[in-house]
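S.K.: How does the following fold in three dimensions:
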Amino acid sequence: MIPSRSPLRSAWLGMVLIAGCIRPAPPPAPREGTVKSNITRADYVGSAACASCHPAEYAAYMSAPMHNMTRRADTARILAPFDRAFRFKDGSVTLEMREGHRWMRIGAPGKPERVYRVTKVIGGHHREDFAGVEAGGDSLTEQILPVSYVYATGAFRYKGYSVMVPERPGLKAGPEWRATCIFCHNTVPYLSTALGAWAGPGANGYQGQIVDLSLPPGKRGAPVVSDSAGLSAALESELQYLHAALPQPSAPTSAWVRKTIAATRDHFGEGDLVELGIGCESCHGGCAEHIRDPAVRPSFAPVAPFLRPPPSGLDPSKAHDEQVIRACARCHQVLYSGYPWTWEGKRRSDLPAGGAHINSGEARDMLLGNCRIACNACHDPHSHDRDGEFARLEGPAGNAICLKCHGAFREPAALRAHSHHDPQGPGGLCMNCHMPRKNMSLDLRLSRYHRIGSPDEPAKVEGDRPLECALCHGDRSVAALVDTLEAWWGHRYDRERLRGLYGDLDANALEATLRLGKPHEQAVAAYLAGTLGRKDWAGDMAQVLTDPRPLVRYYADQGLARLLGGPSPVDLNQDTAAIRAQALAWMTRAAGRDTSAAPARALPPAPGLPRMLPSELH
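M.R.: Below is the predicted model:
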């Protein structure tokens, strides 16, 4: 979900009607066999109610990473080893087992040690995060603990470094779990997440958010309020449940909504969840009516007597896929942190912002794009995503998903004419051009950008680095790639804008991105540059090792390891000066082993640190 302080929260987008502007209209009578309400607390029954009729799906889902997004530490299967210490700068976290519980001891020079008993483990697909209570403190206040265990590396790192947060000065426990992690990683009534859209301009932020607030008008699909009194009645029930004071009965709907936001922000806790973890109803909506009468089918779309569906120009054959994507977008919509930039050369504060360059924005990105492919066409939410299945989809099987709608390209000759590449090679695979690998992922590889588009789009070519064609053709100059795009697709691109991005159109697109790109662009270039054997780029790649946003450093580290011969000896948990010194020593050793290497480019100076000269690298 979009963080509570996002500037998007204060935007009034005309999506809903607030009391005083409403002409109450009765909702259309529901068709026989369709759910009448699936968003209020009374509509939810919990996943266990699904087990008797759907035993196979229930059994598989109970062990799936998505369901187990939040677990109680004392009963969960946890892979992180609790028998070692994690060091960060001059502090450390000691992880240990005592009296059947997991503990973390956080220490730093000159500060008293703080001890926490681990109560929650969060995640389980790519990493594990933790929450806990401080020994001797309030047993009801669970804080986010400062380490994550990353499966891909088998190592710990600072919690939060999977997103574009700035470097942390030292180790400490984070904010309260109840106020930061509870909505996206657990099952809550949809009503609770929709409050921001119904509040009007200037409303306070909170964890809940529907994706439409960050989408352009033509791509929104949230239901709108048709009965303000009905909404107020639903909010009254929720306020009573949360033991919060009620507004005056005559108060406008906007006052009821804002009061419920405040109560949710101040009081919503573990005991107010539908269930811990991501339950069946997080996607399928409240299923109480379906449990009472199986002929009443659940709906991915939010439904209530006081709502009406939005007008839609969507092809009816794609309506189901749209609903599936929007269900996933209840959580997978984030832009994350205060980092200002998005793809398409936009800022996070733009309305609408561009696509996300990190994990967990995939569903929002899909809604931004040109196609409607249900997320479960590739992902299995009821089980583990299997590496073998993903490998299969990287080949012609992936094309088969696209060909369901784009059958004109089924024949190899047509695909060659469309792609200008060998239909049997990587350039003939739809996803390589329309969902390129340029996003930072939870497993520290580049993952696919889920805003389905084309590499020749002017917003991408003139707004982002590197050109998407350079992701495969890393040896090409900007001019060569742009000239090819223009020849193939008939576009004309603004050469002055391109010079502003790359400096020189004859420059290699990846090298220029390393030198001039925004941090998320540099991460992509540094990761890919490692495969090109260009030792003269090592200085620029090493400079990215000390980027102020630690996530970017991991991608430069991997690129350098491939370029210089890994594994990397650089400890990224040190302070910037120590990282820089280790990188210099590493490149010096690598240069000594390879006397034919071209001179390395000097690293630009960093604040408070000496400039690295080429003579220092050889």
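S.K.: now the strands: where do they sit in this protein?
M.R.: 70-72, 84-88, 91-98, 101-108, 111-122, 127-134, 143-144, 147-150, 155-158, 224-225, 307-308, 437-440, 446-448 (DSSP state E).
S.K.: Would you mind listing the buried residues in the second one?
M.R.: Along strand 84-88, these residues count as buried under the neighbour rule (16 or more other C-beta atoms under 10 Å): 86, 88. Using the backbone N, CA and C atoms, a C-beta is placed for each residue, glycine as well.
S.K.: Could you do the third one as well?
M.R.: By neighbour count on 16+ other C-beta under 10 Å, the buried set for strand 91-98 is 91, 93-95.
S.K.: Equivalent analysis for stretch 164-171, please.
M.R.: For stretch 164-171, the neighbour count (16+ other C-beta under 10 Å) marks 164-165, 168, 171 as buried.
S.K.: how close does residue 347 sit to residue 212?
M.R.: Residue 347 sits at a distance of 19 Å from residue 212 (criterion: C-beta to C-beta, to the nearest Å).
S.K.: wait, I meant residue 364
M.R.: 10 Å.
S.K.: before we move on, what about residue 578?
M.R.: 46 Å.
S.K.: just to revisit the earlier point, residue 347 and residue 212: who's more crowded?
M.R.: residue 212 (24 against 13; other C-beta atoms under 10 Å).
S.K.: Find me the pLDDT at the more buried one, would you?
M.R.: If you check residue 212, the pLDDT there is 89.
S.K.: now do the one 10 residues further on
M.R.: Reading off the per-residue confidence, residue 222 sits at a pLDDT of 85.
S.K.: Excluding sequence neighbours, find me the nearest residue to it.
M.R.: Leaving out its chain neighbours, the residue that sits closest to residue 222 by C-beta to C-beta, 6 or more residues apart in numbering is residue 212, at 4.3 Å.
S.K.: so the one you found touches residue 223, yeah?
M.R.: No: between residue 212 and residue 223 there is no contact under C-beta atoms under 8 Å: 9.9 Å.
S.K.: Low-confidence stretches in the protein?
M.R.: Applying pLDDT under 70 to the chain picks out residues 1-32, 312-314, 336, 385-387, 594-618.
S.K.: what about 80?
M.R.: For the chain, the stretches with pLDDT under 80 are 1-33, 138-139, 200-202, 311-317, 335-337, 384-388, 390, 593-618.
S.K.: for it, which helix is longest?
M.R.: helix 576-593 (DSSP state H).
S.K.: list the helices and strands it packs on?
M.R.: helix 538-544, helix 550-564, helix 614-617 (3 or more C-beta pairs under 8 Å, 6 or more residues apart in numbering; DSSP states H and E).
S.K.: Please identify the most buried of the ones you listed.
M.R.: Across the helices and strands packed on helix 576-593, averaging neighbours per residue (mean count of other C-beta atoms under 10 Å) puts helix 538-544 on top, at a mean of 26.
S.K.: ok, residue 174 - how many residues close by?
M.R.: Neighbours around residue 174, by other C-beta under 10 Å: 16.
S.K.: no, scratch that, I was asking about residue 249
M.R.: Residue 249, neighbours per other C-beta under 10 Å, totals 8.
S.K.: if I look at it, how far off is residue 230?
M.R.: In terms of C-beta to C-beta, residue 249 sits 15 Å off from residue 230.
S.K.: same question, residue 474
M.R.: The value you get for residue 474 to residue 230, if C-beta to C-beta is used, is 57 Å.
S.K.: What of residue 165?
M.R.: Residue 165 is 41 Å from residue 230, where distance means C-beta to C-beta.
S.K.: can you check residue 113 too?
M.R.: Taking C-beta to C-beta, one finds residue 113 at 54 Å from residue 230.
S.K.: quick one: which of those two has more around it?
M.R.: Higher neighbour count among residue 113 and residue 230: residue 230, with 18 against 10, using other C-beta under 10 Å.
S.K.: for the residue lying closest to the more buried one once chain neighbours are set aside, phi and psi?
M.R.: Of all residues not flanking residue 230 in the chain, residue 306 sits nearest, at 3.0 Å (C-beta to C-beta, 6+ apart). Main-chain dihedrals, residue 306, degrees, to the nearest 10: phi -100, psi 10.
S.K.: how many other residues sit next to residue 306?
M.R.: 22.
S.K.: I figured it hits residue 224, correct?
M.R.: No: contact criterion C-beta under 8 Å: residue 306 and residue 224 do not qualify, at 10.0 Å.
S.K.: Centroid-nearest residue for this structure?
M.R.: residue 360 (1.9 Å; C-alpha atoms, centre = their mean).
S.K.: how does the chain divide up, domain by domain?
M.R.: With domains defined by automatic domain parsing, the chain comprises 7-46+187-311, 68-180, 530-618.
S.K.: Now render these as CSV, adding distance to residue 389.
M.R.: Output for the domains of the chain, formatted as CSV (distance: least, C-beta to C-beta, whole Å):
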stretch, distance to residue 389
domain 7-46+187-311, 20
domain 68-180, 15
domain 530-618, 25
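S.K.: Between these, which one is closest to residue 463.
M.R.: Closest to residue 463 of those is domain 7-46+187-311 (C-beta to C-beta; 15.8 Å).
S.K.: How far off centre is the closest one?
M.R.: 23 Å (C-alpha atoms, centre = their mean, to the nearest Å).
S.K.: Same check on stretch 473-483?
M.R.: 30 Å.
S.K.: Also stretch 362-380?
M.R.: Worked out by C-alpha atoms, centre = their mean, stretch 362-380 lies 13 Å from the chain centre.
S.K.: hmm, who's touching it?
M.R.: Contact partners of stretch 362-380, identified using C-beta atoms under 8 Å, 6 or more residues apart in numbering, comprise 211, 214-216, 219, 314, 318, 320-322, 324-326, 328-329, 331-334, 352, 354-356, 381, 385-386, 389-390, 393, 398, 401-402, 405, 434, 449-453.
S.K.: Put the buried members of those into a PyMOL selection.
M.R.: To isolate the buried subset of the contacts of stretch 362-380 in PyMOL, counting by 16+ other C-beta under 10 Å, use the following:
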select buried, resi 211+214+215+219+321+322+324+325+326+328+329+331+332+333+334+352+354+355+356+381+393+398+401+402+434+449+450+451+452+453
